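Q: return atomic coordinates for the entry below.
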Amino acid sequence: MRSLPLAAAPASHGGPRPSRRHVVLAGAATLAAPLAWAQPGFPSKPLTLIVPFTAGGASDVGARMLGTELGKLLGQTVVVENLAGAGGALAVQKLIRAPADGHTLLYGGMSETLLVPLINPSLGYKPEDLLPVALAGSSPILFVVRPEFPANTMDELVALVRKNPGKYSFGSAGIGSFAHVMGEVVKERAGMFMVHIPYRGGQQIITDVIGGQLDMGITTAANAASMIANKRIKALGVSAGERVPVIKDVPTFSESNALKGLQMSVWAFVYAPNNTPAAVVERLNTAINTALMVPALKEARVRLASDLPSLMTPAQSRAFIAAEQALYKPVTSRIKPE
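A: Here you go, the predicted model:
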């Protein structure tokens, strides 16, 4: 497995550049052992897995596949609840208000659980208000353009934008979304200026890129792989540490001169409310990590250009998110909420 890529901080951020991490589930034999848990009474009823977006998207698909396998392991139905709104904040707020008994969980992404609350404290929650249970997956980002766009690589894009500051635009799924923040990181690292255009969702971005109303979109490899294959859009670079098999012709950021060493991934964790009993969190963690290794889920990750570079314990999950928060806080502090 590949190590989980981290965004290399732009030089203007200050401080040491973080190293790449590869976190493995402590005691690999745990997954091979029978799932015999000592916590009596849990689960005592069906579980709810909240997804912060509408049905059909990458988060929804990932949550439903995980929920099916998780339900088999726990002996209870896992009901996926789609709760879209406020850039994912409504779903996070519902989790925070839920009883801390492990029966209500969140399939939470980077934007709504980390970046948006850092940028907009008025939402009423902080990243520390959620308890990460296990890493569910990650995906690198892509810079995508229409096929006839006058750049074919990230270096060509950087040269073009530097010559024409403010002429070109990039779209994201809203202020504080992963695409917005990562776009700002790339702008700072490359020393170029592009106009940010916030959208209310990701699908319209790709539509407008194809139609020429928007110059660039920043999206995940999972969302764009099929359209790249069909040549509806052109990818200039991928933020992974190595080339992604399903889009193997797309060079990594590190293959460019302007962005060498820059690696970024969008991730999703399963979260529980704070103060959920440690024994329940451990049981959920073991079940989730076991479910993620089911062949059908492993095959789906390859097909969807997604990744599970490591399995994490609850403690490792907390440490990882704390490190990500420290990494992105300098960028988010300069972004003003709507």
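
Q: mind checking the SS state of Phe143?
A: Under DSSP: H, G, I helix; E, B strand; the rest coil, the three-state class of Phe143 is strand.

Q: pLDDT value on Asn177, please?
A: No, residue 177 isn't Asn; it's Ser. Looking at Ser177, its pLDDT is 89.

Q: if you could redo that for Ser12, that was the one I meant.
A: For Ser12, the predicted pLDDT is 35.

Q: go on, Met154?
A: 97.

Q: what is the burial count for it?
A: For Met154, the neighbour count with other C-beta atoms under 10 Å is 26. Backbone N, C-alpha and C define where each C-beta goes, glycine included.

Q: who does the longest helix seen in the chain touch, helix- and strand-wise?
A: In the chain, assigned by DSSP state H, the helix with the most residues is helix 314-332. The criterion is 3 or more C-beta pairs under 8 Å, 6 or more residues apart in numbering; DSSP states H and E, and the helices and strands that helix 314-332 contacts are helix 116-119, strand 130-145, helix 178-190, helix 278-292.

Q: show me where the stretch 201-338 of the chain has strands.
A: Along the stretch 201-338 of the chain, counting by DSSP state E, counting those that start in this stretch, strands occupy 216-220, 234-238, 265-273.

Q: and for the stretch 1-150 of the chain?
A: Under DSSP E, counting those that start in this stretch, the stretch 1-150 of the chain gives strands at 47-51, 78-82, 104-109, 130-145.

Q: what comes up buried for stretch 156-167?
A: Leu157, Val158, Ala159, Leu160, Val161 (16 or more other C-beta atoms under 10 Å).

Q: out of the helices and strands packed on helix 314-332, which gets nearest to Ser306?
A: Comparison of the helices and strands packed on helix 314-332 against Ser306 by C-beta to C-beta identifies strand 130-145 as nearest, at 5.0 Å.

Q: any weak-confidence spans in the chain?
A: Scanning the chain for pLDDT under 70 picks out 1-40, 201, 338.

Q: tell me the buried residues in the longest helix of the chain?
A: For helix 314-332, the neighbour count (16+ other C-beta under 10 Å) marks 314, 316-318, 320-321, 324-325, 327-328, 330-332 as buried.

Q: pairing-wise in the sheet, spell out the partners of the closest residue to His103 other than its chain neighbours.
A: Leaving aside its chain neighbours, His103 sits nearest to Leu47 (5.3 Å; criterion: C-beta to C-beta, 6 or more residues apart in numbering). Using DSSP bridges, the beta-bridge partners of Leu47 come out as Val78.
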